[in-house]
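Colleague: Let me see the structure of the following:
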Amino acid sequence: MAGVAFLLKAQGRAVSGCDLYSTPRTRWLEECGIPVAVGHSAAHITPAIDELIVTPAVPPDNPELAAARAADLTVRSRGEVLASLVNAADGIAVCGTHGKTTTATFITRLLQNLGAAPSWCIGGETGAMPVAGVGPGPLVVEADESDGTLALYRPRTLVLNAVDFDHLEHFNSKDDYFNCYRAAIRQTSDTVIVCADHPQALALVREMDSHPGRAVAPRPPEKPNVLTFGFAPEAQVNAADWPDIPVLGRHNVANALAAIAVALSRGFTREQISAALPDAVADLPDRRFELVAESNGVRVYTDYAHHPAELKCAIDMARALRPARLRVMFQPHRYSRTKALRDEFPPAFAAADEVVLAPVYAAFEEPIPGGDITDLYAAFGGQSPCVGGQSPHVTLARSLDEGWQHLLRTARPGDILMLLGAGDIINLVPRVQADLANNALNDDCHTYLP
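Modeller: Numbering: from 1, shown residues only. Okay, here's the model as predicted:
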């Protein structure tokens, strides 16, 4: 939402907003000339307001939303507005269940280094790049499928990463979920860039030929070009041909290959891309395997991962660093996702030595039978053996604070501790940093002193 606000302000619109809390991102918006009120109130909807833009996280009883409807104002979702901005530009839309933020970041940085001067709107930031910016070149965006608005995109270039069924809080079936991808693919005007390592992603692209009558989106006058990337032998932009991509994690190599494919599709040469690439992939966005604290041989990382496929990638990255022990705390995101993917979560943690399960982050959902943290805990009972021949030790925590205290007090030099999830587990970071700065390891028992 911050990026959309920034782009609208750059077009000369008068933009204001509100959020529950003051955050670094709201303060950044204020520095950019966009006032942000703290808290929600119907009083924010004044006669000067022409339109209200809301995120999918806004509940139906939100006071601004109710006031806007009572005043008969136009109400649009963030996804609708971002799609309209892309459709009016030379748009590069990055979609897929996983990797959107990192891939969009790599694309933007690579195009910047190649002199293409892109605009961008991305859900994460790096030290070198805020969530949005404006240039005369193409517009790179992270195109979210969670509320179905991906179906509204008509980009020049579509990047399709790994695709797994998700967002059960919005979609009634797998077919409903994949239909929004089908629409975006058919509405792309120039090039669809797709990960060759994921059969579902490839299948969606190949349906342009095999299902011409599927009533999900109009077919453009000419089908877009298709360019594949990945590790698969048939991938046109192949990892084997780009062996020196300086990123950690196989999935991040794939994200970088997607950025390379975008640059190639727009006429840049291999030599130009090779020179620009190292700096373009030097920084991951925030909360993407981010080292947030280190002390006495103990490292703490955060990661936004909340789907089983993402969790496995994050844990595999940490295991590649060869810690003495890999110990993770996971906050599941939404009761609906926890229930639907419950049996897929335990295998994702197979490379961890210990898993602490924190209570589900509801994201405005009401609890549902089968979607509680105790249901997920029970699912770990049938997990296959992991590294070393044993399943990871699984602990239930009654709160994030309790889970962190357990990890802290039992930490030993050489441990990697991970905080995983898309909810408010990120709010632990200041406490984690303070605890590691203020506590010392006990040389006798190798635990942190309370």
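Colleague: Neighbours of residue 181, how many?
Modeller: The burial count assigned to residue 181 is 26, neighbours taken as other CB atoms under 10 Å. Every residue, glycine included, has its C-beta placed from N, CA and C.
Colleague: scratch that, residue 414 is what I was asking about
Modeller: Residue 414 has 14 nearby residues by other CB under 10 Å.
Colleague: again with residue 180
Modeller: Around residue 180 there are 27 residues (other CB under 10 Å).
Colleague: Quick check: next helix or strand after the strand or helix carrying it?
Modeller: Using DSSP states H and E, residue 180 falls within helix 174-186. From helix 174-186 onward toward the C-terminus, using DSSP H and E, the following helix or strand is strand 191-195.
Colleague: For that next one, which strands pair with it and how are they oriented?
Modeller: Sheet partners assigned to strand 191-195 using DSSP bridges are listed as strand 157-160 (parallel), strand 225-230 (parallel).
Colleague: List the buried residues in that strand.
Modeller: 191-195 (16 or more other CB atoms under 10 Å).
Colleague: Run the angle between that strand and helix 174-186 for me.
Modeller: Counting by axes from the mean of the first three to the mean of the last three CA atoms, to 10 degrees, strand 191-195 lies at 140 degrees to helix 174-186.
Colleague: In the stretch 1-150 of the chain, what residue spans correspond to helices?
Modeller: 2-10, 24-31, 63-70, 78-87, 100-113 (DSSP state H, counting those that start in this stretch).
Colleague: how close does the spatially closest residue to residue 335 that is not a sequence neighbour get to residue 319?
Modeller: With CB to CB, 6 or more residues apart in numbering as the criterion, residue 335 has its nearest non-adjacent residue at 3.3 Å, and that residue is residue 371. Distance of residue 371 to residue 319, given as CB to CB, to the nearest Å: 28 Å.
Colleague: If you count contacts, what does the helix holding residue 180 end up packed against?
Modeller: Secondary-structure packing of helix 174-186 (3 or more CB pairs under 8 Å, 6 or more residues apart in numbering; DSSP states H and E): strand 91-95, strand 157-160, helix 199-210.
Colleague: closest to residue 11 out of these?
Modeller: Minimum separation from residue 11 across those (CB to CB) falls at strand 91-95, 15.0 Å.
Colleague: list the buried ones in the closest one?
Modeller: In strand 91-95, counting by 16+ other CB under 10 Å, buried: 91-95.
Colleague: For it, which outside residues touch it?
Modeller: If you take CB atoms under 8 Å, 6 or more residues apart in numbering as the criterion, strand 91-95 is touched by 85-86, 100, 103-104, 107, 118, 138-145, 150, 153-161, 181, 184, 258, 262.
Colleague: coming back round to it: with neighbour numbers in mind, choose between residue 371 and residue 319.
Modeller: residue 371 (22 against 16).
Colleague: The more buried one and residue 361 touch, don't they?
Modeller: No. The pair residue 371 and residue 361 fails to qualify as a contact (CB atoms under 8 Å) at a distance of 11.7 Å.
Colleague: Could you pull out the residues contacting both of these two?
Modeller: residue 334.
Colleague: so what's residue 180 up against?
Modeller: By CB under 8 Å, 6+ apart, residue 180 lies in contact with 145, 148-151.
Colleague: Distance check, it against residue 153.
Modeller: Between residue 180 and residue 153 the computed distance is 9 Å (CB to CB).
Colleague: Same check on residue 359?
Modeller: 35 Å.
Colleague: Check residue 337 too.
Modeller: 24 Å.
Colleague: Quick check: which ranges of the stretch 101-250 of the chain have low pLDDT?
Modeller: 165-170, 209-221 (pLDDT under 70).
Colleague: what about 80?
Modeller: Along the stretch 101-250 of the chain, segments meeting pLDDT under 80 span 125-128, 146, 164-172, 208-222.
Colleague: nearest spatial neighbour of the residue nearest the centre of the chain, skipping sequence neighbours?
Modeller: Central residue of the chain (CA atoms, centre = their mean): residue 101, 5.2 Å from the mean position. The spatial neighbour of residue 101 that comes closest, neighbours along the chain excluded (CB to CB, 6+ apart), is residue 124 at 4.3 Å.
Colleague: returning to that earlier point: nearest to residue 55 among the helices of the stretch 1-150 of the chain would be which one?
Modeller: Residue 55 lies closest, by CB to CB, to one member of the helices of the stretch 1-150 of the chain: helix 78-87, at 5.0 Å.
Colleague: And the longest helix along the chain, what does it pack against?
Modeller: Determined from DSSP state H, the single longest helix within the chain is helix 250-265. Judged by 3+ CB pairs under 8 Å, 6+ apart, the packing partners of helix 250-265 are helix 100-113, strand 157-160, strand 191-195, strand 225-230, strand 237-238, helix 270-280, helix 308-320.
Colleague: I'd like to know which of the ones you listed lies nearest to residue 422.
Modeller: Nearest to residue 422, of these and by CB to CB, is helix 308-320 at 9.2 Å.
Colleague: contacts for the closest one?
Modeller: With contacts defined as CB under 8 Å, 6+ apart, helix 308-320 is touched by 97-98, 162, 164, 248-252, 289, 301, 303-305, 326, 328, 330, 341, 344-345, 347-352, 387, 416, 418, 420.
Colleague: swap the cut-off to 6 Å and go again
Modeller: The contact list for helix 308-320 (CB atoms under 6 Å, 6 or more residues apart in numbering) reads 98, 164, 248-249, 251, 289, 303, 305, 326, 341, 344-345, 348, 351-352, 416, 418.
Colleague: Narrow the residues you listed to those in helices?
Modeller: Short answer: the contacts of helix 308-320 in helices (DSSP H) are 251, 345, 348.
Colleague: sorry, back to before: show me the one of the helices of the stretch 1-150 of the chain that comes nearest residue 41.
Modeller: Residue 41 sits nearest to helix 63-70 of all the helices of the stretch 1-150 of the chain, at 5.8 Å, using CB to CB.
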